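Participant: Take a look and give me a structure for this.
(chains A and B)
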Amino acid sequence: MDIMNAATMNIPAVNSATMNATTMNATTEYPEKTVGLPLVADPKMSMRNVNVFYGEKQATFNVELDIAKNEVLAMIGPSGCGKSTLLRCLNRMNDSIAGCRVDGEISLEKENIYGGMDVVPLRARVGMVFQKPNPFPKSIYDNVAYGPRIHGLAHRRVEFDEIVETSLRRAGLWEEAKDRLDQPGTGLSGGQQQRLCIARTIAVNPEVILMDEPCSALDPIATAKIEELIAELSENYTIAIVTHSMQQAARVSQRTAYFHLGRLIEVNDTERVFTNPQHKLTEAYITGRFG
Amino acid sequence: MSSGDYHKQTRDLVKNSLARRYRKEKIFRSLGLLSVLFGIACVLVLFGDIGSKGIGAFENTWIKLDVKLDPVALGVNESPTTEELQHANYDAVIKEALWSRFPDATTRADKKALFSLVSSSAGDSIRRLLLKEPVKLGQTLPVWVLADDELDTFFKKIHQLRLPESERSITDKQVVWIEQWISAGQMEKRFNRLFFEVGDSREPEQAGIRSALTGSVLTLMVTLCLSLPIGVAAAVYLEEFAAKNRFTDFIEVNINNLAAVPSIIFGLLGLAVFIGLFGMVRSVPLVGGLVLTFMTLPTIIISSRAAIKSVPPSIREAALGIGASQMQVVSQHVIPLAMPGILTGAIIGMARALGETAPLLMIGMVAFIVDIPHGITDPSTVLPVQIYLWADSSERAFVEKTSAAIIVLLAFLVVMNAAAVWLRNRLERRW
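Facilitator: Numbers count the residues shown, from 1 in each chain, chains lettered A, B, ... in the order given. Prediction:
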């Protein structure tokens, strides 16, 4: 009888969840315009009327959003809401995906990145840290020195040494890695690997760092270290971070953007979003009604 | 039904199904083991057969004769020139030595039977001796000369004595002479250096593997130098740069089809294009290498594409994310990481090319080549074709030559694969 009970108890639980979500969609209209303050004065990066398509499928709808200088912008929302897609548009990582098309304007310091800007210098200015730590199968030193090497930022060994040390220091990995710089980066632990990837990104001294769920593959301690690091990095860099953890968004970001099924619903100061959401969908998400 | 009953029922059902599941697993495992054992047994039988047949060819038989280096018999004057010594009549002094060794050979037939026991190239030993030390002219010296292949075969398989005379090629009279030689310690087996030093010959005891081996090396070098760069470039282009459309799909399907085309078709193509259209020379390693390149390319392209595809996309993203250009991603990350897989494909392709016979027959590499080729435009043959030619010969001594050539071919293959594996491991260690 126990089993039967468990089963019958489960079914309505699942049903109610989906029903809640569907009724929410049916009854709650998408806002005509994004709620809150999506635009800022003198933005580092700005998106205007951005529609991304994967073949026939539209992934984002008329997104209008600015990223201010030296801020940490968190992008949150349920799976499949288009936040990662949008993030990857910011340094054109979607270029290599077959059938992906980006409409609208995305600009970096008022220069349209899709309007004839060369993708190589763009990615040197807008770096990216990925969901899964992906160090090159090379030594720690070569991982960090790779970017400066291909962009010609340094020529002599001492210059490389200096870049490697500063980058590793900024990424909080220097103390752990300084005695094993010639060992493979893939031999580090998950959290160390992710910090190595951050060091690799900041070694080319980018203006913007994009982070696509950088802690989703890490344990809580490693996550705490990365979050600390993000706070430090925001002094020098503009950061946009996609995260599934609302606590993380609340901890690290100054502004938070909430996405829902490809639409940018609400953007506001992080504190405001989490304490006093303006839109019903935002409220439903942050209170855990769906997601 | 109470939950306790329900659990018990489930437990019983699971228990009942266990025996059947384990039995299936056991049958499957023993079948697998059986097929592995069968495979090993086949390989052992094959190697044992080839080894036992071919091992003899690595030794040849020599006879010690007391040769009187008589200038008159040799047909040269007292102080001959090198030119004269080259063309002197050495058979005459050998015959003289044979007949004085066995005075009982008096009839014409006996003398002929006696002379047939030494190789037709036996004079070479005396020629070498005289060219080195012309002062020995006129003296009587012990000289080791090469035995004929019939004697060689008989000496290696002395038990054939038990056969009736009509079933062996050595007559009873010859056996008497041979036994005298043996008991006098004037006949012995030595390591067959000749086999590795000379090319093909009509006489089995004078036939060697050198020209075919050199031909194989040259042909494979041409094949490797062409097919590896072209194959890798094609694979990289198709995987990393080409747009995914109907045209590239069409190319992909055709590459896969090419891999299944019988190799003799490639030989016909090579004959028509390289020899017919471009007027290249027949029987040369250059054309052979080009034909084998046709054959090897699909294998290398397919395996290289698979290797490139298996490079994790996260590495590409990492490099692209820092601002590496497509070319840098490919040359600095994708190809180094795909290299072990590419090399595996190259090994398979090369091994197939090494053993290939049919397409080379079409372009004339089946010719009887005595000279050792010195370049990719010298006429030559290759090991598998040499094996084919020897297997087709009627002389019994060629049986062991055939097996010996197979041993050399297999050794070549092992050396080549070992080199590739070593290279692959070295590349892998560099991550």
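
Participant: where in the chain is pLDDT low?
Facilitator: I'll assume chain A. A:1-28, A:290-291 (pLDDT under 70).

Participant: Chain B was what I was after
Facilitator: Using pLDDT under 70, the flagged stretches of chain B are B:1, B:159-162, B:429-431.

Participant: which residues of it fall in strands?
Facilitator: B:59-68, B:140-146, B:187-191 (DSSP state E).

Participant: Just want the angle from the second one to strand B:59-68.
Facilitator: For the pair strand B:140-146 and strand B:59-68, the angle between their directions (axes from the mean of the first three to the mean of the last three CA atoms, to 10 degrees) equals 160 degrees.

Participant: Residues in contact with strand B:140-146: which ones?
Facilitator: B:60-69, B:94, B:118-119, B:121-126, B:129, B:194, B:205-206 (CB atoms under 8 Å, 6 or more residues apart in numbering or on different chains). Every C-beta, even on glycine, is put in place using the N, C-alpha and C of the backbone.

Participant: again, only using 7 Å
Facilitator: Identification of contacts with strand B:140-146 by CB atoms under 7 Å, 6 or more residues apart in numbering or on different chains yields B:60, B:62-69, B:94, B:118-119, B:121-122, B:125-126, B:129, B:205.

Participant: Buried residues, it. List them.
Facilitator: By neighbour count with 16 or more other CB atoms under 10 Å in any protein chain shown, strand B:140-146 contains the buried residues B:Val143, B:Trp144, B:Val145, B:Leu146.

Participant: quick one: that strand to chain centroid distance?
Facilitator: Taking CA atoms, centre = their mean, to the nearest Å, one finds strand B:140-146 lying 34 Å from the centre of the chain it belongs to.

Participant: Can you pull the residues of the stretch 151-291 of chain A lying near chain B?
Facilitator: Residues of the stretch 151-291 of chain A lying close to chain B (CB under 7 Å from any CB of the partner chain) are A:His151, A:Pro184, A:Arg200, A:Thr201, A:Val204.

Participant: which ones are touching the first one?
Facilitator: Pointing back at A:His151 there. A:Ala124, A:Val204, B:Gly323.

Participant: Quick one: residues contacting the nearest residue to the first one once chain neighbours are set aside.
Facilitator: This points to A:Ala124. Leaving out its chain neighbours, the residue that sits closest to A:Ala124 by CB to CB, 6 or more residues apart in numbering or on different chains is B:Gly323, at 4.0 Å. Residues counted as contacts of B:Gly323 (CB under 7 Å, 6+ apart) are A:Val120, A:Arg123, A:Ala124, A:Gly147, A:His151, A:Val204.

Participant: Recalculate using a threshold of 8 Å.
Facilitator: Per CB under 8 Å, 6+ apart, neighbours of B:Gly323: A:Val120, A:Pro121, A:Leu122, A:Arg123, A:Ala124, A:Gly127, A:Gly147, A:Ile150, A:His151, A:Val204.

Participant: do A:Leu196 as well
Facilitator: Contact partners of A:Leu196, counting by CB under 8 Å, 6+ apart, are A:Pro133, A:Pro135, A:Ile140, A:Asn143, A:Val144, A:Leu168, A:Ala171, A:Leu173, A:Ala177, A:Gly185, A:Leu188.

Participant: would you list the contacts of A:His151 in a markdown table and tack on distance to B:Phe154?
Facilitator: Below are those laid out as a markdown table (distance: CB to CB, whole Å):
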| residue | distance to B:Phe154 |
| --- | --- |
| A:Ala124 | 81 |
| A:Val204 | 80 |
| B:Gly323 | 78 |
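
Participant: nearest to B:Ser166, of those?
Facilitator: B:Gly323 (87.1 Å; CB to CB).

Participant: Next, work out how far apart the closest one and B:Glu179 are.
Facilitator: As for B:Gly323, its distance to B:Glu179 is 86 Å (criterion: CB to CB, to the nearest Å).

Participant: And for B:Ala405?
Facilitator: Counting by CB to CB - B:Ala405 and B:Glu179 are separated by 32 Å.

Participant: And the two? Which one has more around it.
Facilitator: B:Ala405 (28 against 13; other CB atoms under 10 Å in any protein chain shown).

Participant: wait, what's in contact with that one?
Facilitator: Contacts for B:Ala405 (CB under 8 Å, 6+ apart) come out as B:Gly54, B:Ile209, B:Ala212, B:Leu383, B:Gln386, B:Ile387, B:Trp390.

Participant: change it to 6 Å
Facilitator: B:Ile209, B:Gln386, B:Ile387 (CB atoms under 6 Å, 6 or more residues apart in numbering or on different chains).

Participant: ok, and the closest non-adjacent residue to it?
Facilitator: Nearest non-adjacent residue to B:Ala405, counting by CB to CB, 6+ apart: B:Ile387, 4.7 Å away.

Participant: Can you tell me how far that neighbour is from chain A?
Facilitator: Distance of B:Ile387 to chain A, given as CB to the nearest CB, to the nearest Å: 44 Å.

Participant: need the contact list for that residue.
Facilitator: Applying CB under 6 Å, 6+ apart, we find B:Ile387 in contact with B:Thr402, B:Ala405, B:Ile406.

Participant: coming back round to it: please narrow the contacts of B:Gly323 to those residing in strands.
Facilitator: Among those, the ones falling in strands (DSSP E) are A:Gly127.

Participant: ok, the contacts of B:Gly323 vs B:Leu427, which is closest?
Facilitator: Nearest member of the contacts of B:Gly323 to B:Leu427, counting by CB to CB, is A:Ile150, at 21.5 Å.

Participant: circling back: quick one: which of the contacts of B:Ile387 is nearest to chain A?
Facilitator: Using CB to the nearest CB, B:Ile406 comes nearest to chain A of the contacts of B:Ile387, at 41.6 Å.

Participant: Please work out how many residues are found near residue 177.
Facilitator: Chain wasn't specified; assuming chain A. For A:Ala177, the tally of surrounding residues (other CB under 10 Å) stands at 23.

Participant: Chain B, not that one
Facilitator: Around B:Trp177 there are 23 residues (other CB under 10 Å).

Participant: Pretty sure A:Arg125 sits against A:Asn205.
Facilitator: No: between A:Arg125 and A:Asn205 there is no contact under CB atoms under 6 Å: 9.0 Å.

Participant: measure B:Leu69 to B:Ile94 for me?
Facilitator: For B:Leu69 relative to B:Ile94 (CB to CB), the value is 11 Å.
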